[in-house]
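Visitor: 3D model of this:
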Amino acid sequence: MNDEARGCMREIRWENNIIRDWTDDDYEELIKSDKLFARKFNSKNMKIVNKILEYVV
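Guide: As a prediction, the model looks like this:
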């Protein structure tokens, strides 16, 4: 694969050259993504992580 972001199967949201934290508002986007991993989550917003865990388990 020539596309490094696609090859690593990681969903990353860039905003003004900074990696943005995923929030609960991004749930649908993450679930619909063809990527296996996502970066980056913040411990102040664990709701999104718990929702994703409920979905995959």
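Visitor: For the closest residue to L30 other than its chain neighbours, give me the pLDDT.
Guide: Take L30 and drop its neighbours on the chain: the residue closest to it by C-beta to C-beta, 6 or more residues apart in numbering is A38, 5.6 Å away. Every residue, glycine included, has its C-beta placed from N, CA and C. pLDDT, A38: 89.
Visitor: Am I right that A38 is in a helix?
Guide: No. A38 sits outside any helix when classified using DSSP: H, G, I helix; E, B strand; the rest coil, being strand.
Visitor: Hmm, M9 and it touching each other?
Guide: No. Between A38 and M9 there is no contact under C-beta atoms under 8 Å: 9.8 Å.
Visitor: Phi first, then psi, for S33.
Guide: Here the main-chain torsion angles of S33 (degrees, to the nearest 10) amount to phi -70, psi 150.
Visitor: Report the contact partners of it.
Guide: E11 (C-beta atoms under 8 Å, 6 or more residues apart in numbering).
Visitor: ok, it to I19 distance?
Guide: Between S33 and I19 the computed distance is 16 Å (C-beta to C-beta, to the nearest Å).
Visitor: Likewise for D34?
Guide: Separation of D34 from I19 (C-beta to C-beta): 19 Å.
Visitor: buried residues in the helix ranked longest in the chain?
Guide: Using DSSP state H to define each element, the chain has its longest helix at helix 47-56. Using 16 or more other C-beta atoms under 10 Å as the test for burial, helix 47-56 gives I48, I52.
Visitor: For W14, report the pLDDT, please.
Guide: W14 carries a pLDDT value of 90.
Visitor: Spatially nearest residue to Y27, not counting backbone neighbours?
Guide: Leaving out its chain neighbours, the residue that sits closest to Y27 by C-beta to C-beta, 6+ apart is K51, at 5.5 Å.
Visitor: For the residue positioned nearest the centre of the chain, give the beta-bridge partners.
Guide: Centroid-nearest residue in the chain, with C-alpha atoms, centre = their mean: A38, separated by 3.2 Å. Taking DSSP bridges as the rule, A38 bridges to E11.
Visitor: Please name the residues that touch it.
Guide: If you count contacts by C-beta under 8 Å, 6+ apart, then A38 has R10, E11, I12, W22, L30 around it.
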